[in-house]
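**Student:** Let's see this in three dimensions:
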Amino acid sequence: MEAVIGLLLMLLGVSHGVETYCDGRINGTQCYGALGGTVVLRLMDSTSGIHRYQWVKNKTVILRGRNDKLITNLLENRSSFTPSDGTFRINNLSRTDGGEYTLKIYETSGRLLDPQILQLNIQAPVSSVLLVSECLSQGEMRVSCSSEGGDSPQYSWTLDGHTLTDAQLLSGNKDSNTITLRQDVSGQLVCSVSNNANSVSQNKTISTCGFIFIDCISNGTHISQWVFKANNTLCLESTTACTSTTEDKEPGITVSNKPSTNNTTTSQNLHIKDEHWDSVETYCDGRINGTQCYGALGGTVVLRLMDSTSGIHRYQWVKNKTVILRGRNYKLITNLLENRSSFTPSDGTFRISNLSRTDAGEYTLTIYDTSGRVLDPQILQLNIQAPVSSVLLVSECLSQGEMRVSCSSEGGDSPQYSWTLDGHTLTDAQLLSGNKDSNTITLRQDVSGQLVCSVSNNVNSVSQNKTISTCGFIFVDCISNGTHISQWVFEANNTLCVESTTARTSTTEDKEPGITVLTVPTKPPTAPTTITETEASTEGVETSCDGRINGAQCYGALGGTVVLRLMDSTSGIHSYQWNKNKTVILRGRNDKLITNLLETRSSFTPSDGTFRINNLSRTDGGEYTLTIYETSGRLLDPQILQLNIQAPVSSVLLVSECLSQGEMRVSCSSEGGDSPQYSWTLDGHTLTDAQLLSGNKDSNTITLRQDVSGQLVCSVSNHVSQISPCGFRFTDCSLSNGMHVSQRVLVTSQTQCTDPTTAPTSITETEASTVDQSLLICGLRTVVVVLILIGITVYFVWKKKKYKKTEGSAVPEEMNYENSVMMVEMRSSASEL
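**Tutor:** Take a look at the predicted model:
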């Protein structure tokens, strides 16, 4: 317990203990501060001899001083300024402190010296590091390093105090968060995670996975591989290490307990890897200028450089001024890569084997005719990628019966992920979070079948399949004594809604008194209670932008509509045209529209110069230039407009979970949407640092302190859309049978999406059962609210009459509960009810 409390205190103190320093006396300095920490900025040598100065952010004066006297400090409650050395110390940094600051210094004459600009960047510091290792099938060790919090983390690795070398790594690199170590690597491994605000490291003593390397020749068969020592049955003729000589060898047998430098590359697991990579062969037609070609690291690429050498007087293929190939009149004169390549003059193909990273680059083919004239050069870009060599699928059941599945690839540059279930691409209806292109997905509770994850890049594709079944959860939906219970439950432990165990369609006749039972629905509600999901239509998103200002940045929603104001009107304009990449989109003359390349999905209004484009696609994005000509033919200044197409946020998903110390972690994820921005409110007010244990108001995951309760709202937005689900309202209730149910009630925009005016009810998770609610509750609660309001009115009218009737009596009459309205006050725990 003491260790847990100590760890919690340590995590709490990380941000506040981080202090950074920056010399802002150099114009254009980039400074960094830790979120929640302190930054010390050196703004000037000292204020001595300075008549007047001010430090400004966005036209707001932060500091102002005159003749060694500080007049204004806008941040005085959390900062201090030292005139003697010109340092400004800011504590308890927040995201809003980031930005561009300008120091202005005035001489006695009032002349302004050159301003000094400083950019302050606020980063969340890394608060903890977790190291996880696992042994792979051939004795290699994969080690993953993950960091808690921290913006833009950078990773580095050391072994026994020295930076990891390529000889110790099987895949990955010293700057990635996941590495695979060779079979014989052991020692003190340290992963350091850092950003511009701080650095945190974690160490782990690693040993080999119990594999040994054997290399022997037995009866003429060469055996060279890594094997698990405990199960090994190969090369057992000699069990002791020895320096083999002709005299002490057994006939036909050579034994080595550990590979030498020479045979490391011929070990079985490496040989398998090399064999896999060697088998990757790619083809590319380089006869088109500017072609992007891809080859597999360790594999082969076949490049078609020309139709044939027939009729070509002379040619050469060059990389960085180095001639790779040279030929004349059907004869190949030079091949710099002849030991691992071949050129076929008849079809102009160049085959390069055993590709390495150094083979990548820009190559130029130059062809000369008989007169010595150079034909147009052909440029080819060769990119070398490590192919994907294996795929690992890991699944886990979550608390509400969902299944999270992670797909990781061994090696492989720029991996792309795709998922199928029973041969069909996964649909949004099967996914609870994540998307079909991410490496981690969460499946809904009722999804099962043959799941396949495919990982690919430009050189190869590898897939892995796994048969998945449900996590043993069932969906119950019943009304018991007026209490609606609607949630996923673990079937083996379920005690809710057990009055009826067989499926039936409930009618008035077959109901038990006070109980309505609905068995597991074929289509359960798409959002359990702990999850709020709000969807928006992509096609309905319309944005507008004033493009009359040169350099305007405009945004349109993918699949939506954008309205662009290109000019005041066409009146008085002799001719105009609107171009994108030298392609004329619009052209008009004397109030007449001549050309509209997008006429099937757009309209132009000459009277106000607006151009409306529907059904936007990614290809609509780009730089557009409006050119206007006067009657004299003179060209006015062109107007450039940058149109950016973004996928709008189409749904928002809220998931909460209680942690071991009573804190609550809440995650907000958006379905689709480019460059999403997150913001949080509680009971209509922006979350404060005092309510947060970790995370910040701009991140998608936050951890709330134990005493925080109320209506939590996560808003997700980008330049083209914004969605704000109503979030959670937390309540506690007890059933008539004494069972205590602590539930998070789904609050929808149709019922309780209003700013609360009363103090929120505290969250108490005495029984950690989260009750899922279907959208049916929204309608039921609306009816209940109306009935309660009517009941309250009736109650007070009745109470007033009752009071007058019994005013003179010392013994009040007993209330008739059969005709009264019961009001229940929701408290934070069952003990207070």
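**Student:** L74 and S670: what is the separation?
**Tutor:** 35 Å (Cβ to Cβ, to the nearest Å). Quick note: C-beta positions are derived from backbone N, CA and C, even for glycine.
**Student:** which of those two has more neighbours?
**Tutor:** Relative neighbour count places S670 above the other of L74 and S670, with 23 against 13, counting by other Cβ atoms under 10 Å.
**Student:** Report the contact partners of the more buried one.
**Tutor:** Contacts for S670 (Cβ atoms under 8 Å, 6 or more residues apart in numbering) come out as V649, S650, S651, V652, L653, P676, N700, V716, I723.
**Student:** What confidence value was assigned to the closest residue to M306 other than its chain neighbours?
**Tutor:** The shortest distance from M306 to any residue that is not its chain neighbour, by Cβ to Cβ, 6 or more residues apart in numbering, is 3.6 Å, and that residue is G348. On the pLDDT scale, G348 is placed at 90.
**Student:** ok, S603 - contacts?
**Tutor:** S603 makes contact with F611, R612, according to Cβ under 8 Å, 6+ apart.
**Student:** one more time with 7 Å, if that's ok
**Tutor:** By Cβ atoms under 7 Å, 6 or more residues apart in numbering, S603 lies in contact with R612.
**Student:** For it, name its beta-bridge partners.
**Tutor:** For S603, the beta-bridge partners under DSSP bridges are R612.
**Student:** Check I352 too.
**Tutor:** The residues listed as beta-bridge partners of I352 by DSSP bridges are V301, S341.
**Student:** quick one: contacts for it?
**Tutor:** I352 makes contact with T300, V301, L337, R340, S341, D359, according to Cβ under 7 Å, 6+ apart.
**Student:** Against G311, how distant is the last one?
**Tutor:** Read it as D359. Taking Cβ to Cβ as the measure, D359 and G311 are separated by 29 Å.
**Student:** So the two - more neighbours on which side?
**Tutor:** Of the pair D359 and G311, D359 is the one with more neighbours under other Cβ under 10 Å, namely 20 against 10.
**Student:** so how far is Q385 from the more buried one?
**Tutor:** When distance is defined by Cβ to Cβ, D359 is 11 Å away from Q385.
**Student:** got it, and Q691?
**Tutor:** Taking Cβ to Cβ as the criterion, Q691 is separated from Q385 by 46 Å.
**Student:** Equivalent analysis for V794, please.
**Tutor:** Computed with Cβ to Cβ, the distance linking V794 and Q385 is 75 Å.
**Student:** which one of these two has more residues nearby?
**Tutor:** The residue with more neighbours, out of V794 and Q385, is Q385; 24 against 13, by other Cβ under 10 Å.
**Student:** For that one, list the residues it contacts.
**Tutor:** Neighbour list for Q385: Y294, A296, L297, D413, S414, N457, N458, V459 [criterion: Cβ under 7 Å, 6+ apart].
**Student:** how does it look with 8 Å?
**Tutor:** Remark: with contacts taken as Cβ under 8 Å, 6+ apart, Q385 is in contact with Y294, G295, A296, L297, G412, D413, S414, N457, N458, V459.
**Student:** Adding pLDDT, secondary structure and neighbour count, write the residues you listed out as TSV.
**Tutor:** Formatted as TSV, these follow (pLDDT from 0 to 100; DSSP: H, G, I helix; E, B strand; the rest coil; neighbours: other Cβ atoms under 10 Å):
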residue	pLDDT	secondary structure	neighbour count
Y294	94	strand	19
G295	92	strand	28
A296	90	strand	26
L297	89	coil	20
G412	78	coil	24
D413	84	coil	16
S414	85	coil	11
N457	89	coil	19
N458	90	coil	17
V459	85	coil	25
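**Student:** before we move on, the earlier item: list buried members of the contacts of I352 by neighbour count.
**Tutor:** Judged by neighbour count, with 16 or more other Cβ atoms under 10 Å as the criterion, the buried members of the contacts of I352 are T300, V301, L337, S341, D359.
**Student:** quick one: contacts for the last one?
**Tutor:** Which is D359. D359 makes contact with G295, I352, L382, I384 under the criterion Cβ under 8 Å, 6+ apart.
**Student:** before we move on, what about L43?
**Tutor:** The contact partners of L43, by Cβ under 8 Å, 6+ apart, come to G24, R25, W55, L63, G86, T87, F88, L103, Q116, L118.
**Student:** Now the first one. Nearest residue, chain neighbours left out?
**Tutor:** So that's G24. Going by Cβ to Cβ, 6+ apart, G24 has L118 as its nearest residue, at 4.2 Å.
**Student:** can you tell me the helix or strand for that neighbour?
**Tutor:** L118 belongs to strand 116-123 when elements are defined using DSSP states H and E.
**Student:** next one: S409
**Tutor:** Here S409, judged by DSSP H and E, is contained in strand 403-410.
**Student:** what's the next secondary structure element after that strand?
**Tutor:** Sequence order places strand 416-421 as the next helix or strand after strand 403-410, per DSSP H and E.
**Student:** Return the distance of that following strand from the chain's centre.
**Tutor:** 17 Å (Cα atoms, centre = their mean, to the nearest Å).
**Student:** Please identify the buried residues of that strand?
**Tutor:** Within strand 416-421, the residues that qualify as buried by neighbour count (16+ other Cβ under 10 Å) are Y417, S418, W419, T420, L421.
**Student:** Equivalent analysis for stretch 188-200, please.
**Tutor:** Of all the residues in stretch 188-200, those buried under the rule 16+ other Cβ under 10 Å are L189, V190, C191, S192, V193, S194, N195, N196, A197, N198, S199, V200.
**Student:** What's the end-to-end length of it?
**Tutor:** For stretch 188-200, the first-to-last residue distance is 16 Å (Cα to Cα, to the nearest Å).
**Student:** Same question for stretch 437-454.
**Tutor:** For stretch 437-454, the end-to-end distance is 10 Å (Cα to Cα).
**Student:** One more: stretch 482-498?
**Tutor:** This stretch, stretch 482-498, spans 16 Å end to end (Cα to Cα).
**Student:** if we can go back for a sec, S79: which of the buried residues of strand 416-421 is nearest?
**Tutor:** Y417 (46.6 Å; Cβ to Cβ).
**Student:** For the closest residue to the closest one other than its chain neighbours, grab phi and psi.
**Tutor:** Here the nearest residue to Y417 in space, its sequence neighbours aside, is N439; by Cβ to Cβ, 6+ apart that works out to 4.7 Å. Listed backbone geometry of N439 is phi -90, psi -10, with angles given as degrees, to the nearest 10.
**Student:** Run a quick check on the residue nearest to M306 versus G311, I expect a contact.
**Tutor:** No - assessed by Cβ atoms under 8 Å, G348 is found out of contact with G311, at 11.5 Å.
**Student:** ok so, going back, select from the buried residues of stretch 188-200 every entry located in strands.
**Tutor:** By the criterion of DSSP state E, membership of these in strands covers L189, V190, C191, S192, V193, S194, S199, V200.
**Student:** Just confirm the fourth one contacts Y155, I think it does.
**Tutor:** What it means is S192. Yes - at 7.2 Å, S192 counts as touching Y155 under the criterion of Cβ under 8 Å.
**Student:** Need the nearest residue in space to S147, chain neighbours excluded.
**Tutor:** Spatial nearest neighbour of S147, chain neighbours left out: V193 (4.3 Å); criterion: Cβ to Cβ, 6+ apart.
**Student:** Please tell me I have it right and the one you found contacts G150.
**Tutor:** Yes - in this structure, V193 sits in contact with G150. The criterion is Cβ under 8 Å, and the distance is 6.6 Å.
**Student:** what do the two both touch?
**Tutor:** Joint contacts of V193 and G150 (Cβ under 8 Å, 6+ apart) are V126.
**Student:** Any regions of this protein where pLDDT drops low?
**Tutor:** Low-confidence regions of the chain, defined here as pLDDT under 70, cover residues 1-17, 237-279, 499-540, 660, 671-672, 724-778, 802-833.
**Student:** I am finished for the moment; much appreciated.
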